[in-house]
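K.L.:
Using only what follows, build the 3D model:
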Amino acid sequence: MVNHNTPVIQTDKLSKVYKSREREVRALSDLTLNVWPGEIFGYLGPNGAGKTTTIRLLLDLIRPTGGSARLFGLDAQQHSVELHKRIGFLPGELNLWKNLTGSQVIDYVARVRGGVDMAYVRQLVERLQFDPTLRVRSYSSGNRRKLGLIIALMNQAELLILDEPTNGLDPLMQQIFNELMREVRAEGRTVFLSSHILGEVQAICDRVGILREGQLQAVETVSGLRHADFRWVTLHFRDPVDTAPLAGVPGVSDITADGHTLRLRLHGDYNPLLQALSSQYIIDIDTQEASLEEIFLSYYGNGSNAGRPMQEVAS
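P.N.:
Sure, this is the predicted structure:
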């Protein structure tokens, strides 16, 4: 039974260091994170950021160097066998029995797990347009991903942990995946979804964690991440625009001017910008929210928010 006052996933300074004779690689550093019941949590970062390491630690596939992880309030190491019964998992690299058919793989996993509703499995097969009669070795990468999703979803687990779940899926299948995840959320179940596809998390996630070089840079609601950070502002003037008054205006950057048009990036309030331009006649103002990709790059790249401290936002 899920306690809605307890995080489904809770980590406290979770860390992983890989050591060799030549060097030491810190794959994850002091990850402190809560994921709550009934939310879809997107775990964002490029390859090598530490996303898969985090998932392996949560599932007790590898052991941490420091810190702890708890799932449903239980220690991820001490109760790993019990916890795995409550989790549906899709790894980033899916290794299956190549000589078996899709049906044989599904039937085997269903027998091992027990309690699987095969009518629901058939629905998944149909919705994902998956042909279970072929052998695994003949499947494309997209069809292997479909098979992995069916296996992860089949027991209707309380928690889904999905590592790059739409990798290899075509746009139509991505939309069907999104529908399935919304249905999971509507049932009160929880999804922890690792991805580098920004549009994916923007479409379905409630909150997003941004990981950079093993460190959590920020945790935000998707709407908050889009609205709270910055926007693009385009101003149209009656006369040729003079950009000199904008020097040193708080929150204004990336200024480009072309005749009567001015485009800039704005953090924070409009008032300092409008005051600086008060002597010039403004005909029109257009605003455009930053894309999730642009905001992500501001955290991950060399943007003005790179290295911003982590910020927890309640669901």
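K.L.:
hey, let's count contacts and neighbours off CA atoms from now on
P.N.:
OK.
K.L.:
hang on, isn't Val125 packed against Thr133?
P.N.:
No - at 11.1 Å, Val125 does not count as touching Thr133 under the criterion of Cα atoms under 8 Å.
K.L.:
More neighbours: which of the two?
P.N.:
Val125 (18 against 11; other Cα atoms under 10 Å).
K.L.:
Domains in this protein, by residue range?
P.N.:
Following automatic domain parsing, one finds the domains of the chain at 9-86+157-226, 230-289.
K.L.:
end to end, how far does the last one reach?
P.N.:
In other words, domain 230-289. 7 Å (Cα to Cα, to the nearest Å).
K.L.:
what ranges do the strands span in the stretch 51-200 of the chain?
P.N.:
66-71, 74-75, 87-90, 159-163, 190-195 (DSSP state E, counting those that start in this stretch).
K.L.:
so where's the protein uncertain?
P.N.:
Residues of the chain meeting the criterion pLDDT under 70: 1-4, 225-229, 292-293, 296-315.
K.L.:
rerun that using 80 as the cut-off
P.N.:
Low-confidence segments of the chain, defined by pLDDT under 80: 1-5, 197-200, 223-229, 289-315.
K.L.:
among the strands of the stretch 51-200 of the chain, which is nearest Val25?
P.N.:
Closest approach to Val25 among the strands of the stretch 51-200 of the chain (Cα to Cα): strand 66-71, 14.0 Å.
K.L.:
Pull the residues that contact stretch 35-42.
P.N.:
2-4, 6-10, 181, 185-195, 201, 204-209, 315 (Cα atoms under 8 Å, 6 or more residues apart in numbering).
K.L.:
If we go by neighbour counts, what in it is buried?
P.N.:
Using 16 or more other Cα atoms under 10 Å as the test for burial, stretch 35-42 gives 35-42.
K.L.:
Centre-most residue in the protein?
P.N.:
Gly42 (2.4 Å; Cα atoms, centre = their mean).
K.L.:
Give the helix, strand or coil label for that one.
P.N.:
Recorded secondary structure, Gly42: strand (DSSP: H, G, I helix; E, B strand; the rest coil).
K.L.:
May I have the longest helix along the chain as PDB, with CA atoms only?
P.N.:
The longest helix of the chain (DSSP state H) is helix 171-186. Once non-C-alpha atoms are left out, helix 171-186 reads as follows in PDB (Å, rounded to 0.1, in the frame of the first residue of the first chain):
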ATOM      1  CA  PRO A 171       6.600   9.500 -33.400                       C
ATOM      2  CA  LEU A 172       3.300   7.600 -33.500                       C
ATOM      3  CA  MET A 173       4.600   5.100 -30.900                       C
ATOM      4  CA  GLN A 174       5.900   8.000 -28.800                       C
ATOM      5  CA  GLN A 175       2.400   9.400 -28.600                       C
ATOM      6  CA  ILE A 176       1.000   6.000 -27.600                       C
ATOM      7  CA  PHE A 177       3.700   5.800 -24.900                       C
ATOM      8  CA  ASN A 178       2.700   9.200 -23.600                       C
ATOM      9  CA  GLU A 179      -0.900   8.100 -23.400                       C
ATOM     10  CA  LEU A 180       0.100   5.000 -21.500                       C
ATOM     11  CA  MET A 181       2.100   7.100 -19.000                       C
ATOM     12  CA  ARG A 182      -0.900   9.400 -18.500                       C
ATOM     13  CA  GLU A 183      -3.000   6.400 -17.700                       C
ATOM     14  CA  VAL A 184      -0.500   5.200 -15.200                       C
ATOM     15  CA  ARG A 185      -0.500   8.500 -13.500                       C
ATOM     16  CA  ALA A 186      -4.400   8.600 -13.500                       C
END
